[in-house]
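Colleague: Pasted the sequence and its predicted model underneath.
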Amino acid sequence: VRHMNLNTVRLEGKFPGEAFFEAADRMGVMVIAGWACCDAWQHWPVWGEEQYTVAAESLRTQVRRMAPHPSVILFMYGSDVNPIPRAEENYLKVFRDERWSSPIVASAANDTSAISGPTGVKMSGPYAWVPPRYWLEGADKRLLGGSFGFLTEGGPGAAVMPFESMLKVAPESELQDPATSKVVNFHTGNPAGLFYDLRFYNPPLEQRYGVARTTRDYFDKAQLAAYEAQRSFFEGYSARKYQATGVIQWMLNSAWPSNYWNLFDFFLNAGGGFYGAKKGCEDLHPTYNWVDGGVSVVSSRYSQANVTLTASLHHPAGEELWNTTTTAAVGPDSATGTLVKLPPMATPALLRLRLWEGGAAGAAVSDQVYWLPVEDDKLDWDNSTFYITYCTRYADHTYLEEIPAPALRATAQLKDKEHVEVSLSATAATLAFFTRLRLVSPGGEDVLPSEWEDNYVTVFPGETRVVTVRVEEVPAGASVVARAWNGEDVVVAVGPSVQLV
């Protein structure tokens with residue numbers, strides 16, 4: 001959570017042990033707790049005296065347990081809906097009796113209680129894939145999950161596991177044609193619910209990025225789509241602070257190997273969604289506005305930052321087509337207005353945004369790439385449900401299939417028992433787009449969890465990127481695997497630590 005630059009975890013009725021709360025206290029991660037939806041906690045019409053007593057005393061137990069923890073900032077004593085009056089009165093009496101001092105909210109939904117008043121939050125989805133522009137366009141139109149208010153749960157839906165995680169679930173022979181694979185679709189949601197397969201996800205994936213050419217290509221495109229979706233989700237809410245007052249991604253993780261609703265998978269493998277979220281939540285972050293084509297800077301720091309911003313457009317093969325540089329003073333915990341406006345584009349392009357503190361020298365504090373179509377997705381807001389807003393047109397990113405395989409060079413050096421430094425270089429003639437980095441054991445197994453300083457990085461022609469990874473302990477004989485878009489695995493052994501005397 002901290003490595004993604006997130007600051008809060010919501011618990012919906014599934015409360016971990018004391019070690020979780022103690023870790024949250026130590027690490028400054030806030031916790032929103034509350035009862036679960038869609039089960040006995042919300043079945044008030046069939047409650048008898050026993051259920052009212054058990055519910056109140058269950059709350060009392062959790063209040064006494066959580067009250068000493070400064071990480072617990074809120075308790076939702078309802079979930080999808082407010083409790084009925086008798087249940088709410090019982091809960092409020094427990095909070096008073098136990099002298100609970102943190103905020104309480106009747107539910108996660110935009111609702112008003114006759115007893116406690118409006119909740120002040122919203123639970124308006126989405127829960128299935130939506131395009132990057134959804135969040136800011138929704139904010140402008142004041143619709144659904146758009147970036148305004150406090151969204152207690154929502155996000156861009158499916159989160160297909162990285163290929164190496166799916167291979168732990170089933171052999172590659174069972175993953176052929178992943179869009180229709182029974183195994184891939186089985187690892188989704190409740191078979192009796194809405195999300196029992198990837199039917200909301202695969203059509204836009206294929207329309208936007210092209211039909212998968214191979215099994216591996218499907219999973220590579222899924223990570224690219226996840227990165228794009230999660231980055232824009234968090235960027236949308238951050239760019240509108242404090243018209244937008246907070247957001248909780250549905251969900252953080254899953255209790256089994258799932259291709260839905262997670263930022264890291266069951267095996268603690270962090271894919272495109274994880275690193276898209278991490279990038280979108282940088283504490284000093286240049287961000288692209290998918291609605292008006294402008295670029296702004298968002299700061300989550302508590303002091304002013306004087307920055308230099310460079311925006312450049314590139315041919316998908318890497319050639320620079322346009323660039324501009326500007327400076328700005330970014331106030332504490334704020335978002336600037338538009339600092340740069342992109343020129344009209346007749347062809348697809350890669351947008352590179354780099355940000356430095358002070359002048360444009362040394363390593364940038366942020367370096368990221370957006371892939372821009374000529375025509376963006378077109379949302380059909382009138383064709384919306386609580387879980388999805390459909391599109392009448394999809395952005396065409398199939399040009400990414402034509403990026404030439406790069407000539408990528410890599411080295412890896414052990415820094416200490418927990419850290420490896422990786423250097424990636426592209427030749428003057430090639431672009432290493434969306435390069436995935438993995439640290440693997442001598443047997444080829446991923447070393448997990450691994451915290452990459454940055455991942456899915458793009459190395460422009462003639463440039464070098466240096467990225468560090470942290471693990472619990474780097475195994476002897478470890479290697480780094482680097483795989484750029486449309487490229488093959490580049491495997492390099494982790495070299496020994498070098499001590500300068």
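Modeller: Perfect, thanks for sending it. Because the structure is a prediction, the values reported are computed rather than measured.

Colleague: Could you give me the buried positions within stretch 341-360?
Modeller: 342, 345, 348-356 (16 or more other CB atoms under 10 Å). The C-beta positions use only the backbone N, C-alpha and C, and glycine is treated the same way.

Colleague: okay, how far is it across it, tip to tip?
Modeller: End-to-end span of stretch 341-360 (CA to CA, to the nearest Å): 19 Å.

Colleague: what does stretch 159-177 give?
Modeller: First-to-last distance for stretch 159-177 - CA to CA - comes to 17 Å.

Colleague: now that stretch: how far from the chain's centre is it?
Modeller: With CA atoms, centre = their mean, to the nearest Å as the basis, stretch 159-177 stands 21 Å off its chain's centre.

Colleague: For that stretch, list every residue counted as buried.
Modeller: Buried, per 16+ other CB under 10 Å, within stretch 159-177: 159-166, 169-170, 175.

Colleague: And the strands in the stretch 251-400 of the chain, which stretches?
Modeller: Along the stretch 251-400 of the chain, the stretches classed as strands by DSSP state E, counting those that start in this stretch are 284-288, 294-299, 305-314, 320-330, 334-335, 340-341, 349-357, 366-372, 378-384, 389-393.

Colleague: what's in contact with the last one?
Modeller: Among residues not part of strand 389-393, those counted as contacts by CB atoms under 8 Å, 6 or more residues apart in numbering are 126, 130-131, 134, 138, 144, 204, 375, 377-381, 383-384.

Colleague: what separates that strand from the chain centre, distance-wise?
Modeller: 22 Å.

Colleague: For the stretch 351-500 of the chain, which residues score under the pLDDT cut-off?
Modeller: Applying pLDDT under 70 to the stretch 351-500 of the chain picks out residues 498-500.

Colleague: Mind giving me the ChimeraX command for buried ones among the contacts of strand 389-393?
Modeller: The following ChimeraX line selects those of the contacts of strand 389-393 that are buried, judged by 16+ other CB under 10 Å:
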select :126,130,131,134,138,144,204,377,379,384
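
Colleague: just for this structure, where's the confidence low?
Modeller: For the chain, the ranges with pLDDT under 70 are 498-501.

Colleague: Buried residues in the biggest helix by length in it, which are they?
Modeller: Assignment by DSSP state H gives helix 215-239 as the longest helix of the chain. For helix 215-239, a neighbour-count test (16+ other CB under 10 Å) marks 215, 217-239 as buried.

Colleague: between that helix and strand 366-372, how many degrees?
Modeller: 110 degrees (axes from the mean of the first three to the mean of the last three CA atoms, to 10 degrees).

Colleague: Summarise which helices and strands the strand or helix carrying Glu57 is packed against.
Modeller: Element membership for Glu57 (DSSP states H and E) is helix 49-66. For helix 49-66, the elements it packs on are strand 30-34, strand 72-76, helix 85-97, judged by 3 or more CB pairs under 8 Å, 6 or more residues apart in numbering; DSSP states H and E.

Colleague: will you turn the ones you listed into TSV that also has distance to Glu22 and mean neighbour count?
Modeller: As requested, the helices and strands packed on helix 49-66 are arranged in TSV below (distance: least, CB to CB, whole Å; neighbours: other CB atoms under 10 Å):
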stretch	distance to Glu22	mean neighbour count
strand 30-34	11	22
strand 72-76	12	20
helix 85-97	23	16
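
Colleague: Let's have these in CSV, adding distance to Lys278.
Modeller: Formatted as CSV, the helices and strands packed on helix 49-66 follow (distance: least, CB to CB, whole Å):
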stretch, distance to Lys278
strand 30-34, 18
strand 72-76, 22
helix 85-97, 36
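
Colleague: for those, which one sits closest to Pro496?
Modeller: strand 30-34 (41.2 Å; CB to CB).
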